[in-house]
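A.B. asks: got a sequence here, can you model it:
(one chain, ligands or ions: 2)
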Amino acid sequence: MTSPIALRIPNPHLLKPLLRYCATLCCGLTLTSCASQAPAPQTAQNATPIPQQARIVDPHSYANTDAFITQRIALDLSVDFDRHVLSGSAELTLSRINGGADTLVLDTRDLEISAVETAEREGAYRSTSYSLAQADPILGSALRITMPQQATRVRIYYTTRPQASGLQWLSPAQTAGKQQPFLFTQSQAIHARSWIPLQDTPRVRAAYDARIKTPPGLMAVMSAENPQALSADGEYRFSMPQPIPSYLIALAVGDLRYQAMGQRTAVYAEPSMLAAAAAEFEDTEAMLERCEAIFGPYRWGRYDLLILPPSFPYGGMENPRLTFVTPSVITGDKSLVSLIAHELAHSWSGNLVTNATWNDFWLNEGFTVHLTNRIVEEVFGLDVAQQERAIGASDLKRTLSELEQPRDKTLVPELAGRDPDDNVTDVPYEKGALFLAYLEQQYGRPRFDEFLRGWFDAHAFQSETTADFRAWLDRELLQKTPGVVSAAKIEEWMTSTEMPTDTPWPQSTAFATVDAAREAWLSGSTPLAEMDTAHWSTRQWEYFLNSLPTPLPAAQLAALDERFNLSQTTNRVIAARWFRDAALSQYQPAYPALRKHLNSIGRMLLIEPVYTALAKTPDGLALAEQIYAEARSGYHPIAQTSVEKILAKARAEQAGH
Ligand code: BES
Ligand code: ZN
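C.D. replies: Numbers count the residues shown, from 1 in each chain. Ligands and ions are numbered 1, 2, ... in the order given. The predicted model follows:
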């Protein structure tokens, strides 16, 4: 799996530094672990203690963090829209953990490396030897770099491949404005390695600087301090002074403009989207202020939003200082702004205190869903927050009934040997949030808010495991207020494949209205014409469509479509739920609109359920494959992989029957 396929020594006489073996170590670690760690073993005389990052095994990285830890990254990249590549260099400044180490191992995927150089602290760069291992389908290729004894800096010259899993290159036709191309990155979970050679593990945090060269007329933005206007020559410089994990390094380039919303909040979008986005998300500053009041200071300076083209594979991505957002949440009625609350909340849960490995993903997402519900309740009221909680719970119940691997129904799955993107299910999000809601219910909101704030403050800019959290929970909550929650109860929440019997299932009066309306219609007591949906929110519609029995007779689906024009809705979130129902019921009159839907959006949450529903029958699968062939080039590489997995699984199942 890791055998070298190429050993290139660009300049053999520069190998001399290799021979200068010296045990002097570089100190100055800023990445020390949390205070609760046991004393670290020493590796050599005068060695820096091994920080926490080095001692946790991350099954999704080749990086030898027991020898080196990245402190700073400097990128110098040109954006080539003709060839669909980034090219230039990445410079890593490292701390030596093991003074004797002579090899640095980095993560890469599909990178073309042209040269590698190393340098001592202030010294000049000299080329060094390196080898790129054979690619593993999930992890990519380990890049092994020979490190002379004093070397603490390395510079890698490279070019990305057009199919890089973390990049999407869009033609002008795939943007709102149709005039300029667009590029964006998506590094989470392990895609940063497809555009930067680095230690691609959330255990390691580094500050970064970047120089990005774009064609003139385009704006580049990053998860860093950003420009507010176009650069005349297409060159942009960035700095992210706070240390962040690799999955939060982000870049986008396109026909972008800036519009302020509040003191610290603004939106970047293509010109035609700017005003609608700024209006939809005008409450961002208020959410930021509420979040700070409860969970402590916002430590990242500004909080801006970037509206992506429709192919963006996620709803949102919490890139620090610049959340990336799908345009599908701009509905005109603010009914999906909880997504902004979610990405904002990651500024505490995830970006400030980070899951140490992808097995601990619920520490990022479960916490974030809990924080989101708290903020939404503060800013938009209890009714809206309960709708959020209830739609999450309704999705979780369905997901738990569909997941095949029992371990995937637990908060901490085993992802070694698997793609961490496969664990993006309602379990880490909603089961995680219900666990925290349970603790809040047991200890009371004031006490629990204070507990969470203490967790963020004590572990700021650190990466933590589930075991770290459990130790903290035990010490700060269970022991300090004994007799409320038992250790056995915590164990049950962590390991059970079921939901504990005392799960605090949320109740929503708005959803009770929907239940009543649905029952009245299905039982025949109220005709559809009399169903009063005039004030339904997007969430109520989602819940209604989610809770319809399937398959539903074609006549009933036809009646629904005729009365509410569901196939023609411009709200992609409602459309996705409707087309899923239509596919599960094989309601063919909706298929032309379903096809348009799958061709118009690339957000995985909005396309995967529709493909999955179609693929349940042989005819549906054939149609799904046809549609995918048309739509594929508009999907992000991560979305392509996910749809291909759905279709391959359905093919295998149907062949087996
Ligand atoms: N960080 C996630 C997106 C993500 C997770 C990307 C795992 C790659 C791997 C982001 O914060 C998120 O959860 N997005 C959700 C938003 C929703 C829950 C409000 C999404 O995209 O749907
Ligand atoms: Zn999230």
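A.B. asks: please count neighbours and contacts with C-alpha atoms only from this point.
C.D. replies: OK.
A.B. asks: how far away is the residue of the chain most remote from its centre from residue 548?
C.D. replies: For the chain, the residue at maximal distance from the C-alpha centroid (CA atoms, centre = their mean) is residue 525, at 45.0 Å. For residue 525, the distance to residue 548 equals 16 Å [CA to CA, to the nearest Å].
A.B. asks: you'd agree the residue farthest from the centre of the chain is in a strand?
C.D. replies: No - Residue 525 is assigned coil when assessed by DSSP: H, G, I helix; E, B strand; the rest coil, not a strand.
A.B. asks: that one and ligand 1, how far apart?
C.D. replies: From residue 525 across to ligand 1, the span is 36 Å (CA to the nearest ligand atom, to the nearest Å).
A.B. asks: for residue 277, same thing?
C.D. replies: Look at residue 277 and ligand 1: by CA to the nearest ligand atom, they are 17 Å apart.
A.B. asks: tell me how many other residues crowd that residue.
C.D. replies: Neighbourhood size, residue 277 [other CA atoms under 10 Å]: 25.
A.B. asks: begin at 29, not 1, for the rest of this chat.
C.D. replies: With the count now opening at 29, the last piece we talked about shows up as residue 305.
A.B. asks: what about the helices in the stretch 279-428 of the chain?
C.D. replies: Counting by DSSP state H, counting those that start in this stretch, the stretch 279-428 of the chain has helices at residues 299-308, 312-323, 366-373, 389-408, 410-430.
A.B. asks: report the angle between the first one and helix 312-323.
C.D. replies: Interaxial angle, helix 299-308 versus helix 312-323 (axes from the mean of the first three to the mean of the last three CA atoms, to 10 degrees): 50 degrees.
A.B. asks: likewise for the last one?
C.D. replies: Angle of helix 410-430 versus helix 312-323, following the same axes, to 10 degrees, is 80 degrees.
A.B. asks: helix 410-430 close to ligand 1?
C.D. replies: No - Helix 410-430 is not in contact with ligand 1 by CA under 6 Å from any ligand atom; minimum separation 9.0 Å.
A.B. asks: same for that helix, what does it pack against?
C.D. replies: helix 389-408, helix 454, helix 537-550, helix 566-574 (3 or more CA pairs under 8 Å, 6 or more residues apart in numbering; DSSP states H and E).
A.B. asks: quick one, which of the ones you listed gets closest to ligand 1.
C.D. replies: Among the helices and strands packed on helix 410-430, the nearest to ligand 1 by CA to the nearest ligand atom is helix 389-408 (6.3 Å).
A.B. asks: quick check: mean pLDDT of the closest one?
C.D. replies: Helix 389-408 shows a mean pLDDT of 98.
A.B. asks: also stretch 671-685?
C.D. replies: For stretch 671-685, the mean confidence score works out to 95.
A.B. asks: go on, stretch 181-192?
C.D. replies: On average, stretch 181-192 scores 98.
A.B. asks: list the buried ones in that stretch?
C.D. replies: Residues of stretch 181-192 classed as buried by neighbour count (16 or more other CA atoms under 10 Å): 181-190, 192.
A.B. asks: do stretch 329-336 as well
C.D. replies: Those would be 330-336, for stretch 329-336 by 16+ other CA under 10 Å.
A.B. asks: can you list these in TSV and add pLDDT and distance to ligand 1?
C.D. replies: Conversion of those to TSV gives the following (pLDDT from 0 to 100; distance: CA to the nearest ligand atom, whole Å):
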residue	pLDDT	distance to ligand 1
330	98	18
331	98	15
332	98	15
333	98	13
334	98	14
335	98	13
336	98	12
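A.B. asks: which of those residues fall within strands?
C.D. replies: 331-335 (DSSP state E).
A.B. asks: can I get those residues in JSON lines with distance to residue 162?
C.D. replies: Below are these laid out as JSON lines (distance: CA to CA, whole Å):
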{"residue": "331", "distance to residue 162": "40"}
{"residue": "332", "distance to residue 162": "40"}
{"residue": "333", "distance to residue 162": "38"}
{"residue": "334", "distance to residue 162": "36"}
{"residue": "335", "distance to residue 162": "37"}
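A.B. asks: which of the residues you listed lies closest to residue 348?
C.D. replies: residue 331 (7.7 Å; CA to CA).
A.B. asks: now do the contacts for that closest one.
C.D. replies: When contacts are counted by CA atoms under 8 Å, 6 or more residues apart in numbering, residue 331 touches 292-294, 348-351, 372.
A.B. asks: what's the burial count for the closest residue to it other than its chain neighbours?
C.D. replies: With CA to CA, 6 or more residues apart in numbering as the criterion, residue 331 has its nearest non-adjacent residue at 4.7 Å, and that residue is residue 349. Residue 349: 23 surrounding residues under other CA under 10 Å.
A.B. asks: test my guess that residue 349 contacts residue 330.
C.D. replies: Yes - using CA atoms under 8 Å, residue 349 is in contact with residue 330, at 5.5 Å.
A.B. asks: secondary structure class for the closest residue to residue 612 other than its chain neighbours?
C.D. replies: Of all residues beyond its chain neighbours, the one nearest residue 612 is residue 641 (5.3 Å), with distances taken as CA to CA, 6+ apart. Under three-state DSSP, residue 641 falls in the helix class.
A.B. asks: could I get the pLDDT score of residue 641?
C.D. replies: 98.
A.B. asks: ligand 1 versus that one, what's the distance?
C.D. replies: 19 Å.
A.B. asks: what do you get for residue 348?
C.D. replies: 11 Å.
A.B. asks: per-residue confidence at residue 84?
C.D. replies: 70.
A.B. asks: what about it, how many neighbours?
C.D. replies: That count, for residue 84 with other CA under 10 Å as the rule, works out to 15.
A.B. asks: what residues are up against it?
C.D. replies: With contact set as CA under 8 Å, 6+ apart, residue 84 has these partners: 231, 384.
A.B. asks: repeat for residue 463
C.D. replies: When contacts are counted by CA under 8 Å, 6+ apart, residue 463 touches 521, 531.
A.B. asks: go ahead and confirm residue 573 touches residue 609.
C.D. replies: Yes - using CA under 8 Å, residue 573 is in contact with residue 609, at 7.2 Å.
A.B. asks: which one's more surrounded, the two?
C.D. replies: More crowded of residue 573 and residue 609, by other CA under 10 Å: residue 609, with 25 against 20.
A.B. asks: mean confidence score for the helix or strand containing that one?
C.D. replies: Using DSSP states H and E, residue 609 falls within helix 600-612. Average pLDDT, helix 600-612: 98.
A.B. asks: buried set for the very next helix or strand once past it?
C.D. replies: Following helix 600-612 in sequence order, the next helix or strand is helix 619-628 (DSSP H and E). Using 16+ other CA under 10 Å as the test for burial, helix 619-628 gives 619, 621-623, 625-628.
A.B. asks: ok, stretch 569-579 next?
C.D. replies: By 16+ other CA under 10 Å, the buried positions in stretch 569-579 come out as 569-574.
A.B. asks: same deal with stretch 478-485?
C.D. replies: Neighbour-count burial for stretch 478-485 [16+ other CA under 10 Å]: 479-485.
A.B. asks: so for that stretch, mean pLDDT?
C.D. replies: 98.
A.B. asks: how far is it from where the chain is centred?
C.D. replies: 23 Å (CA atoms, centre = their mean, to the nearest Å).
A.B. asks: which residues touch it?
C.D. replies: With contact meaning CA under 8 Å, 6+ apart, stretch 478-485 is reached by 322-324, 376-377, 380-381, 500, 504-505.
A.B. asks: who wins for most neighbours among those residues?
C.D. replies: Busiest of the contacts of stretch 478-485 [other CA under 10 Å] is residue 376, holding 29 neighbours.
A.B. asks: just give the closest residue to that one, not the sequence neighbours.
C.D. replies: Per CA to CA, 6+ apart, closest to residue 376 is residue 484, 6.6 Å.
A.B. asks: for residue 662, same thing?
C.D. replies: For residue 662, ignoring the flanking residues on the chain, the nearest one in space by CA to CA, 6+ apart is residue 339 at 6.4 Å.
A.B. asks: dump the residue contacts of the one you found.
C.D. replies: Taking CA under 8 Å, 6+ apart, one finds 628-631, 662-664 in contact with residue 339.
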